[in-house]
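Visitor: Can you look at this prediction? I've put the sequence above it.
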Protein chains: 2
Amino acid sequence: MIYLDNAATTMRKPPQVAEAVVTAMNTMGNASRGAHAEALTASRIVYNTRVKLAELFHCPRPDHVVFTMNSTEALNIAIHGLLREGDHVVTTMMEHNSVLRPLYRHQNENGGSLSFVQTDALGRPIYEQFESLIRPETRAIVCTHASNLTGNMVDLDRVGAIAKAHGLLFIVDASQTAGAHEIDMERMGIDVLCFTGHKGLMGPQGTGGLCVREGVEIDFWKVGGSGVQSYLKTHPAEYPTRLEAGTLNSHGIAGLSAALDFIKETGRANIEAHEDRLMRRLYEGVSAIEGVKVYGDFTGAEKAAIVALNIRDYDSAIVSDELAQTYEIATRPGAHCAPLMHEALGTTEQGAVRFSIAWYNTEADIDAAIRAVRELAEE
Amino acid sequence: MIYLDNAATTMRKPPQVAEAVVTAMNTMGNASRGAHAEALTASRIVYNTRVKLAELFHCPRPDHVVFTMNSTEALNIAIHGLLREGDHVVTTMMEHNSVLRPLYRHQNENGGSLSFVQTDALGRPIYEQFESLIRPETRAIVCTHASNLTGNMVDLDRVGAIAKAHGLLFIVDASQTAGAHEIDMERMGIDVLCFTGHKGLMGPQGTGGLCVREGVEIDFWKVGGSGVQSYLKTHPAEYPTRLEAGTLNSHGIAGLSAALDFIKETGRANIEAHEDRLMRRLYEGVSAIEGVKVYGDFTGAEKAAIVALNIRDYDSAIVSDELAQTYEIATRPGAHCAPLMHEALGTTEQGAVRFSIAWYNTEADIDAAIRAVRELAEE
């Protein structure tokens, strides 16, 4: 099987990731629960993983790196915990439902309002709108770093500067970019960075989190056992405990820690360059085929390693099934939880076949994909 | 190291648990995301694990088994998602902060009120109070199945009958009992059962969930990507998707699935009997030592496999450290996130040293623990 569904989850991980999980399962107690060697091992590994993530994302305080089950939870925590009654939010047509649904909830339950930055024909955000949509009651800009459908990226330096100039919170969904693309919370002016561990970071499923700028006070989410300050009736207010309750997925976090080491050794920029090269090879190959329409902007310097396409008016689900069954190529069809992006691209009915590339893909994978698309287009 | 901190997390798991996690990490796509073989493998394993949990807990509908990161999250979801403004709740002095803090939040933010069933000198609940504390505005009984400090259990059949007679919701925290003790949601009249995967169920950390009786409508918690109904602005209302958003910890769930197979093959009742025998051996041994005070009720038929004690007026943290460093015995001291139970037992200052037993413990472990406690008591 040629696996090209890495934007859903990177199935191939560095071997040391699974090894680290197994070691953790055999040696770890419960982090922050007790002072025997096993519990301390768990606490140390969890803390070191915070340090590695803080370094990767330029988050000044490792103790402001909070672990969650996934980026959806991180986005819920940030959006629910920062927006107040009546707050207006600027977001984009590129968002995933993990951003949209928490924002719609803010709209419905909290009297909030939303404005959407539109996209051009290639699915790029119209940057001027980030500024023109700001109103007196605007409190935050919430946006993705890259569309999970097209791979188009948002220039976070540019948007962060706008947020800063207007005193707005800047909340970023890095689900599709963390691990492969540069993220610098300080330079980009990001207040809350939400990430997942099992995609570009190549860690286990069940890991993710948020990095919070110092001074940003996010309301409690789940509350409960914290291992510290047991006699307080309220959950402890200090980060990271503030947003973590109950036992962490320390086994998964140990795997994520090993994945972060692999990324550091390999070099994030090398990973990005490898994925970018394969993505452009795929784009060149498929865009030359008659009847194939590719979505997204391949003219810019930086893009997440995604090639979304349709063949003629074929149903994307049928094409993706053919790719899986006849060619043993794993892709993802359909709506991709990105309803507004499909509206903007006019693909609500057809969906799109998404090829998404990661570190372990090869030129041979890409060439097989191009051949398969060509054959299907000629049918 | 003799590991006797199993109430925090069972560190020794059946070997097939780690194997299943590794297999999952090498073969699984993202559950409910796509239709290629890897994604389907993930979906199937996740669904089968729901079926196994439903069978173990007598939850009539496997699709009402929801996965969370831990039992704390499950309890937050149930308490937040079922209690309404002004609702009164009956709970107990035996609760963990994972129950108490969500209830205090209900009290503070929701105008709710709480009544606590007191405990007797042995830390047993005074059952009459479950009924006498009920008021017209009472909506739910929320209680643990076993104290994480003493191991004393609550007779869920008895309390469930009271809840049913008064038309109350019955929410149970099974963190300390799932896997070793009988839980029958139907017979016990449980509306929501909250469990963790990494203690008695012997699965990986980062797993847990809630089993919901049909017809119990819990409000949304996190919302976002669901892999289905992408064009809905609200999160899908059907269980289990209703309470799950974003990528599950499918790698961990695969391990939990293998652990559930192990429990079924071994026999839950055999696990309970083994743990019970070791617990009583430890109790007999340490309670005979001068200067040792053991907490909890060892006269009843069923008890979670915990022996909590203090030696004279020694600080529990110092005793636990001595046990770890001199005897290589892992226990847990301090407050155990159970502040009211400590108040009831008069151990708020001293805490308690908790020995907690699981399937992989042996008589030799227990005898070593008894010898160590004796030596420390003679110092």
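Guide: Nice, thanks for sending it over. Residues are numbered from 1 along each chain as shown, chains lettered A, B, ... in the order given.
Visitor: I figured A:Asp48 hits A:Leu256, correct?
Guide: Let me fix one detail, which is that residue A:48 is Asn and not Asp. No - between A:Asn48 and A:Leu256 there is no contact, the gap being 10.7 Å when judged by CB atoms under 8 Å. Where C-beta positions appear, they are placed from N, C-alpha and C, glycine not excepted.
Visitor: count of residues packed around A:Ser113?
Guide: As a burial measure, A:Ser113 scores 15 neighbours (other CB atoms under 10 Å in any protein chain shown).
Visitor: Just give the nearest non-adjacent residue to it, would you?
Guide: What sits nearest to A:Ser113 in space, not counting adjacent residues and going by CB to CB, 6 or more residues apart in numbering or on different chains, is A:His88, at 4.7 Å.
Visitor: rewinding a little: please identify which of A:Asn48 and A:Leu256 sits among more neighbours.
Guide: A:Leu256 (30 against 16).
Visitor: what helix or strand is the residue lying closest to the more buried one once chain neighbours are set aside on?
Guide: Of all residues not flanking A:Leu256 in the chain, A:Gly203 sits nearest, at 3.3 Å (CB to CB, 6+ apart). When elements are defined using DSSP states H and E, A:Gly203 is found to belong to no helix and no strand.
Visitor: which ones are touching A:Gly203?
Guide: A:Gly203 makes contact with A:Lys13, A:Val17, A:Gly197, A:Gly252, A:Gly255, A:Leu256, A:Ala258, A:Ala259, A:Leu260, according to CB atoms under 8 Å, 6 or more residues apart in numbering or on different chains.
Visitor: just A:Val99 next, same as before
Guide: With the criterion set at CB under 8 Å, 6+ apart, A:Val99 makes contact with A:Leu75, A:Ile79, A:Thr91, A:Val142, A:Cys143, A:Thr144, A:Asp173, B:Gly224.
Visitor: quick one, domains of chain A?
Guide: Annotated domains of chain A cover A:2-10+A:267-378, A:15-266 [automatic domain parsing].
Visitor: measure the first one end to end?
Guide: Spelled out, that is domain A:2-10+A:267-378. End-to-end distance of domain A:2-10+A:267-378 (CA to CA, to the nearest Å): 21 Å.
Visitor: thinking again about what came up before, export the domains of chain A to a markdown table and append columns for mean pLDDT.
Guide: As requested, the domains of chain A are exported to a markdown table (pLDDT from 0 to 100):
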| stretch | mean pLDDT |
| --- | --- |
| domain A:2-10+A:267-378 | 96 |
| domain A:15-266 | 96 |
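Visitor: thinking again about what came up before, neighbours of the residue nearest to A:Ser113, just the number please.
Guide: Every residue meeting other CB under 10 Å relative to A:His88 is counted, giving 20.
Visitor: Provide a list of residues in contact with the spatially most central residue of chain A.
Guide: Centroid-nearest residue in chain A: A:Ser175, 0.2 Å away (criterion: CA atoms, centre = their mean). Contacts were defined as CB under 8 Å, 6+ apart; by that measure A:Ser175 touches A:Ser71, A:His96, A:Ser98, A:Thr144, A:His145, A:Asn148, A:Cys194, A:Phe195, A:Thr196, A:Lys199.
Visitor: just the helices in chain A please.
Guide: Assigned helices in chain A, in chain order: A:15-27, A:37-57, A:71-82, A:97-110, A:128-132, A:156-165, A:185-188, A:250-266, A:268-287, A:316-327, A:339-345, A:363-378 (criterion: DSSP state H).
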